[in-house]
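Enquirer: make a model of this:
(one chain, ligands or ions: 1)
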Amino acid sequence: MSGRRNSIWIVDFILLSSPHIYYICGMSTEKAIVMSGIRPTGYLHLGNYFGAVRNYVKLQEEYTCYFMVADLHALTTHPDTKELKTNVHRVIAENIACGIDTDKAALYCQSHVRETSELYLYLNMLAYLGELEKTTTFKDKARMQPDNINAGLLTYPVLQAADIILHRAIYVPVGKDQEQHLEMARNFVKRFNHRYGEVFPEPIAYNFGDDLVKVPSLDGTGKMSKSENQLATLYLADDDELIRKKVMKAKTDGGPTENNSPKPDYIENIFQLMRLVSSDETISSFESAYNNCTIRYGDMKKQLAEDMVKFIAPIRERAASIQHDEAYLQKIMKQGAEKANESASKTMSLVREAMGLVY
Ligand code: TYM
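Expert: Next up, the predicted model:
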């Protein structure tokens, strides 16, 4: 292993164990790197916000951040590209509306960084059919689109690993549903480093709280999602009336009949949503009412709906004010791609050298 690579690895190791250390023994090091992405397959929703974007906004203050719109990943399930441009622009606008500061973080489009595809190709040689076929998201999507089980769908986690390690990122802010993809990315990194020398640090899924977040859907089944069960998902673009309508439809029952009884899942989900947007006082008053069997779910849902409206409306309005400003969005994507390309080309020089592809 070259001395240079060795020293990069030591710095990474120290950063990983103590991400806030930027100066080690008087030697300046670079900030730890953060990377994440969102597919442009529909409107962003509360799950995308609380699972991912909320963390992006915090992380951009302290780390070198790369956030992108995963248009290539979208092709694995949405081969029709008629809506793609509008969707990419909207996701960029929604990220900005949620608080991404494009002077701090690189905000770009995946296909604008061509080296992603090169690294994806190399990593494909280190990914095995058996593990790809066992991936939960592959099995789910293959079930949902039996007529289009394409190779891109199978190697989806490989492309995701390429996105992340292209910037040699350590922290990947994502929701709970991405945990397995991150585990696979670490496996690909281990195999690459073992075979070709230590080039990449191992990335980890990141959340500011303890556990990764899963924002539940309003119908008591599964999670909020961009394309499934749209009436059970709160989108950041929903208007006030639609938010109220969706929340009021959330599944409840006649209420508890014994003090301090456990909550059924669909009731716990409503409390969980309340914990995201309501004040501590509001939450504890409904908790007590549940525990002493005086809770009125109609009142609880009305309160939740109003707190959701208060939370979502400013984001919706900010996004609406920029999402049709093509010149502005293109300028942002260009600026983001420049930063991302600079980082990608540095990594790919290391990769080609390590793999012996320099003749
Ligand atoms: P995507 O577009 O499905 O979701 C974007 C982000 O939102 C999170 N998320 C949720 N978090 C909590 N509760 C929910 N109900 C919920 N629904 C979605 C996801 O965990 C994700 O963080 N494969 C990725 C996109 C991607 C990527 C990457 C992510 C491509 N390359 C590199 C990280 C790093 C995806 O499909 O996300």
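Enquirer: could you use CA atoms for every contact and neighbour count after this?
Expert: OK.
Enquirer: quick one: what helix or strand has residue 66 in it?
Expert: Element membership for residue 66 (DSSP states H and E) is strand 64-69.
Enquirer: now check that strand, is it near the ligand?
Expert: No: in terms of Cα under 6 Å from any ligand atom, no part of strand 64-69 sits within range of the ligand; the closest distance is 7.6 Å.
Enquirer: what of stretch 97-105?
Expert: No: judged by Cα under 6 Å from any ligand atom, stretch 97-105 stays clear of the ligand, getting no closer than 13.1 Å.
Enquirer: contacts for that stretch?
Expert: Residues outside stretch 97-105 that contact it (Cα atoms under 8 Å, 6 or more residues apart in numbering): 49, 53-54, 56-57, 60-61, 64-67, 96, 315-316, 318-319, 332, 336.
Enquirer: restricting to C-alpha, output the strand holding residue 66 in PDB.
Expert: Output in PDB follows, covering the C-alpha atoms of strand 64-69 (Å, rounded to 0.1, in the frame of the first residue of the first chain):
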ATOM      1  CA  THR A  64     -18.600  18.400   3.800                       C
ATOM      2  CA  CYS A  65     -21.900  17.300   2.400                       C
ATOM      3  CA  TYR A  66     -23.000  15.900  -1.000                       C
ATOM      4  CA  PHE A  67     -26.700  15.500  -1.500                       C
ATOM      5  CA  MET A  68     -28.200  14.400  -4.800                       C
ATOM      6  CA  VAL A  69     -31.300  13.600  -6.700                       C
END
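Enquirer: give the pairing partners of it; include direction for each.
Expert: Strand pairing for strand 64-69, using DSSP bridges, gives strand 33-38 (parallel), strand 106-109 (parallel).
Enquirer: show me what the following helix or strand past the shortest one is packed against.
Expert: In this case it means strand 106-109. The first helix or strand that comes after strand 106-109 along the chain, using DSSP H and E, is helix 115-124. Applying 3 or more Cα pairs under 8 Å, 6 or more residues apart in numbering; DSSP states H and E, we find helix 115-124 packed against helix 156-165, helix 326-355.
Enquirer: flag every buried residue along helix 115-124.
Expert: Neighbour-count burial for helix 115-124 flags 115, 116, 117, 119, 120, 122, 123, 124 (criterion: 16 or more other Cα atoms under 10 Å).
Enquirer: any low-confidence regions in the chain?
Expert: The model of the chain has pLDDT under 70 over residues 1-29.
Enquirer: hmm, which of the contacts of stretch 97-105 are the buried ones?
Expert: Among the contacts of stretch 97-105, the ones that count as buried (16+ other Cα under 10 Å) are 49, 53-54, 56-57, 60, 64-67, 96, 315-316, 318-319, 332, 336.
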